[in-house]
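Peer 1: From the sequence below, what's the structure:
(2 chains, ligands or ions: 2)
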Amino acid sequence: MTEPVLELSGLSKSFGALKVTDAVDLDLRPGEIHALIGPNGAGKSSLIKLVAGELAADAGSIRFDGREISDLDQIERARLGLTRTFQVSSLIPEFSARGNVMFAAQARRKSIFGFFRQVSRDRELIDEAMEALDRVGLSGRAAVRVSELSHGEKRLLEIAMALAMRPRIFLMDEPMAGLGQEGSAKLIGFLDKLRTQAPILLIEHDMDAVFQLADRISVLVSGKIIARGTADEIRNHPEVRTAYLGEDAA
Amino acid sequence: MPEFVTEHRLNILLALILLGGPLVAHFADEPFLVTLATRATILALAGVGLNIALGLGGLVSFGHAAFFGVGGYAVGILASHHQTYEPLMTSPFVINGTNQMLVLWLVAVLVSGLAALVIGALSLRTSGVYFIMITLAFAQMIYYFAISWPAYGGEDGLSIYVRNAFPGLNTLRPLDFFLLCYAVLIVVLLAQWKMTGARFGMALQAVRQNEGRVAALGLSPYRIKLAAFVISGMVTGLAGALYADLNRFVSPTMMSWHLSGEIMVFIILGGVARLFGPVVGACLFVLFEHAFGSVTEHWQFFLGAALLAVVLFARGGFIGLVAGRVRHD
Ligand SMILES: Nc1ncnc2c1ncn2[C@@H]1O[C@H](COP(=O)(O)OP(=O)(O)OP(=O)(O)O)[C@@H](O)[C@H]1O
Ligand SMILES: [Mg+2]
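Peer 2: Ligands and ions are numbered 1, 2, ... in the order given. Purely as a prediction, here's the structure:
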C-alpha cells in the first residue's frame, strides 16, 4: 500500500472543558478523497484548523510526507503544500475574482518584495489565474469585485484560489455549502477528477456528494472518530446510523 | 456617487495646482506664500509616508512624528557638526558632519528606517487599539529622550544656521527650495503608485483586508506589515529632513503627539489610502492654519468641525468626494 501523505495520530485539542478533538487518528493517501463527516459542532472544522496550523494541538502528531510538522506554524505548513479552503468564504473583498486568484499564484511563489513590475501586466500570474478560474467556470466573472460576486461564486473562487496554490494536499471545509443542486453536481464532477492532482481531505454535509466521491469516510462525533470505512460500510454502520445518519436521513 | 473625474486626472490636476500656486506667488513677489507652499509640500510628504502604513496596510500608527523627528534630528545633528567642524565621532572611524542634502537625506532615511524597524518589530505583534497606543508610547519615549539630551539642545532644539546645500541650486532662495521639495514629493508619489500596483502593494492591501487569508496562503502578514512600516517610516523621516531645512531648526516638538495627530488628520481630510489624499489634506490644513490662525487662536476648532464633516459625510475625504470610491482592476 502507498505511504500516506498526511498522517495524524493521537491528535487532541480542548477548548477549556470541551474536547473538540479527542485522540484522532487519520490519514490521507495519494490520489484519494477522504471524507470527514459528523453532526454540527462535532469538531470537523477544528480538525482542519489543527492540520493547517491555525490552531495548535494539545497532544498528538501530524506527519506530512513522513515528516513531523506539529511545530511548524500555519504559514510554514501552507508553504509545504497544505492548502485549505474555508467553510465561510475567506477572500480579499476589494480585489476582483482574478485579483484573488492572482494573489494566490503570487503567494505560491512566496513573492512579497516586488515593487515596480505591475501585477496588471504580470502575464504569468494572469494566465495562471485565468486557467484556475476557467477550471471552476468563473472565467466570465474574472473582473468582478469579490464583494459583488454571488455566494456560490465566492465558494467557487475559494476553490480556484486553492488550485492556484498547486498544493500537495487539499483540506476542504464544506465546499458545497450554499452551492445549490446544480452547482453541487458540477463541483462533485470537478472534485472527482481533482483527486488525481492531489488528495483531498473533504468535510461535507452533503451526503450524496460524500457517498459519490469518498474513497474512505471517517465519522467524527464529539471530537472522536467513531467509524471509518468505504461508503457502503459507513452507510450500513449501526452506530453511524443512530449517531448521525439517523437524524439526518429521517 | 457619479464619477465626475477619474482619480488619475484629479491627481494630475492637483499636482499642477501645487506647482503653479508657488510659481505665481514667486513672480508676484510673495516669497512668504512660496514658503507656505513648501511647508504644505513637506507635511504632505510626511502624510504620504503614514498613508503607506495606514491607508494601504491599515496600520493606524499614532507615532509617526517619531520618524519625522528622527529624520529632522539626523539633519540637525550632522549639520551642527559641520558648522563646528567637530567630527560626530572619531573612533573606531571618523564621521564628520556635512551640509550636503543628498547625504543628509540618505542618513535621515536610513536612521528613521532603522527606528521604524525596531518600533515596528515590537508594535506589530499587537493590533487594533494596542497598536495605536504602543506606537504612541514609543514616539513619546523618543520625544522625552530628545528633551533630556543636552548635547543637541535638549528642549531648546538645535539651529541650522545656513540651509544645507544641494548641487546646482541656491537652497536659500524660497523657490529653489520649494521646487526641490516638490520634486521629492512627486518622485515618492510615483514610487508609491508603482508599489501599490506591484506584488508588494497587493500583499499589503490583502493583509489589510483579510490577514488570516494571507497567512493561509503561506505569506507572513507580519513580514509584510513590517516592511510597509519601515518604508512608511523612511518616507516620513525624509519629510522630517526637509522640514529641518525649511525651518533651519529642529526641536522635540517635531516628535510630539500633536504632530502625529496632524499627520493623521491630513490623511483623513484628503482621503485614506488615496495616493493624493495626504497632499490635499496637508494643503487644506496649511491653508486653514494660515487663513484662520491669524484671526483666531481657536482655528483648530474649525479644523475639528471640518474633520467631523469628513468623517460623517465624506468617508473617502476630499478625493473620495470628487473622484468616487477606490477602483481596483
Ligand atoms: N476557538 C474556539 N473556542 C471555543 N470553542 C470553540 C472554538 N472553535 C470551535 N469551538 C467549539 O468547538 C466545537 C466544534 O466546532 P467546529 O467548528 O470544529 O465544528 P464543526 O464540526 O465544523 O461544525 P459545523 O458542521 O457546524 O461546521 C463547537 O462546539 C464550537 O462551538
Ligand atoms: Mg465546520
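Peer 1: going forward, measure contacts and count neighbours with C-alpha atoms only.
Peer 2: Will do.
Peer 1: okay, residue 214: pLDDT?
Peer 2: Since you didn't name a chain, this refers to chain A. We have a pLDDT of 95 for A:Ala214.
Peer 1: actually it's chain B I care about, not the one you picked
Peer 2: pLDDT, read off for B:Val214, is 98.
Peer 1: That one contacts B:Ala206, doesn't it?
Peer 2: Yes - with contact defined as C-alpha atoms under 8 Å, B:Val214 and B:Ala206 form a contacting pair (6.8 Å).
Peer 1: what number of residues lie near B:Asn170?
Peer 2: 14 (other C-alpha atoms under 10 Å in any protein chain shown).
Peer 1: make that B:Tyr161, sorry
Peer 2: 12.
Peer 1: Check A:Arg241 too.
Peer 2: 15.
Peer 1: what residues are up against it?
Peer 2: Contact analysis of A:Arg241 by C-alpha atoms under 8 Å, 6 or more residues apart in numbering or on different chains lists A:Arg235.
Peer 1: Quick check: it vs A:Leu133, distance?
Peer 2: 39 Å (C-alpha to C-alpha, to the nearest Å).
Peer 1: can you check B:Leu117 too?
Peer 2: B:Leu117 is 39 Å from A:Leu133, by C-alpha to C-alpha.
Peer 1: Among the two, which residue is more densely surrounded?
Peer 2: Neighbours were counted for B:Leu117 and for A:Leu133 using other C-alpha under 10 Å; A:Leu133 has more, 25 against 20.
Peer 1: The residue of chain A most remote from its centre and chain B, how far apart?
Peer 2: Distance from the centre of chain A peaks at A:Phe116, with 34.0 Å (C-alpha atoms, centre = their mean). The spacing between A:Phe116 and chain B, counted by C-alpha to the nearest C-alpha, to the nearest Å, is 5 Å.
Peer 1: A:Ala23 too?
Peer 2: Counting by C-alpha to the nearest C-alpha, the gap from A:Ala23 to chain B is 25 Å.
Peer 1: Count the residues that sit near the residue of the stretch 151-300 of chain B at minimum distance from ligand 1.
Peer 2: For the stretch 151-300 of chain B and ligand 1, the shortest gap (C-alpha to the nearest ligand atom) falls at B:Gly212, measuring 14.3 Å. If you count neighbours by other C-alpha under 10 Å, B:Gly212 ends up with 18.
Peer 1: Then the one 4 residues further on?
Peer 2: A count of neighbours around B:Ala216, defined by other C-alpha under 10 Å, yields 26.
Peer 1: which residues does it contact?
Peer 2: A:Ala52, A:Gln74, A:Ile75, A:Ala78, A:Thr83, A:Arg84.
Peer 1: Kindly report the same for A:Glu174.
Peer 2: A:Phe86, A:Gln87, A:Leu202, A:Ile203, A:Glu204, A:His205.
Peer 1: so how far is chain B from the nearest residue to it once chain neighbours are set aside?
Peer 2: Spatial nearest neighbour of A:Glu174, excluding adjacent residues (C-alpha to C-alpha, 6 or more residues apart in numbering or on different chains): A:Glu204 at 4.6 Å. Using C-alpha to the nearest C-alpha, A:Glu204 is found at 20 Å from chain B.
Peer 1: I'd guessed A:Glu204 sits against A:Gln212; true?
Peer 2: No - A:Glu204 lies out of contact with A:Gln212 (C-alpha under 8 Å); the separation is 11.7 Å.
Peer 1: More neighbours: which of the two?
Peer 2: A:Glu204 (21 against 12).
Peer 1: what sits against the more buried one?
Peer 2: A:Ala35, A:Leu36, A:Ile37, A:Asp173, A:Glu174, A:Pro175, A:Met176, A:Ala177, A:Val210.
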